[in-house]
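Student: Make a model of this:
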Amino acid sequence: MHNDRPLPGGGTPAERYAQRDDLPVWERDVARQIAAAQFGLLRVVRVMPGRWIELRDLAVGGGVVRAISHHVSRSARPHDLMVGRLMAGPPAPALWGPVGFLTRQSGRELCELLETYMEALGLDDAVGGLAAAMHMASREITVMLAPALGPANISPKAA
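Tutor: Predicted coordinates:
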């Protein structure tokens, strides 16, 4: 949720950290990747347990992305739906931070939450509206999915 929380004067904590002049280049690059990683509604397409996971981000549309995932790929199955952050590489895309698998109940709750945000913000139900609503509701999504975001589902970069 700290990736998405807007601060007075603009930017998020992650974006501001990535702009620091005192960071080594490699750390600034990683910080920019973290700042750009927003919550996605991810459909599992294929899995190689312990190695990688192929995902389609339903919130932003687009194609299938193969991400490094040593931990989450062990629990995921094709067609699973989850909420998480897909971070660009290098070296390759990876899941970053907590990942929550949706159940029917949590999926309904997420749908209701996002519909409320989309209506309140005047967003349409197109893909871009869904991504914007997920970004704005990141704190609520994190709280709602807290049990599913437990330590077993934490996915550090390149996990």
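Student: for stretch 6-23, how far is the first residue from the last?
Tutor: Taking C-alpha to C-alpha, to the nearest Å, stretch 6-23 runs 22 Å from one end to the other.
Student: Apologies, that question was intended for stretch 43-55.
Tutor: 6 Å.
Student: who's in contact with that stretch?
Tutor: 40, 42, 56, 58, 64-70, 72-74, 76-82, 86, 95 (C-beta atoms under 8 Å, 6 or more residues apart in numbering). Heads up, the C-betas are built off the backbone N, CA and C, glycines and all.
Student: Repeat the analysis, applying 6 Å as the threshold.
Tutor: With C-beta atoms under 6 Å, 6 or more residues apart in numbering as the test, stretch 43-55 has contacts from 42, 56, 58, 64-70, 73-74, 76, 78, 80-81.
Student: now do stretch 102-113
Tutor: Taking C-beta under 6 Å, 6+ apart as the rule, stretch 102-113 contacts 81, 137, 140, 144.
Student: would you list those residues in CSV and tack on neighbour count, distance to G107 and secondary structure?
Tutor: Putting the contacts of stretch 102-113 into CSV (neighbours: other C-beta atoms under 10 Å; distance: C-beta to C-beta, whole Å; DSSP: H, G, I helix; E, B strand; the rest coil) gives the following:
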residue, neighbour count, distance to G107, secondary structure
L81, 17, 6, strand
A137, 22, 15, coil
E140, 16, 15, helix
M144, 18, 11, helix
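Student: from these, which has minimum pLDDT?
Tutor: Among the contacts of stretch 102-113, M144 carries the lowest pLDDT, at 80.
Student: how much space between it and Y117?
Tutor: From M144 across to Y117, the span is 12 Å (C-beta to C-beta, to the nearest Å).
Student: Report the spatially closest residue to A137, excluding sequence-adjacent ones.
Tutor: Of all residues not flanking A137 in the chain, Y117 sits nearest, at 4.9 Å (C-beta to C-beta, 6 or more residues apart in numbering).
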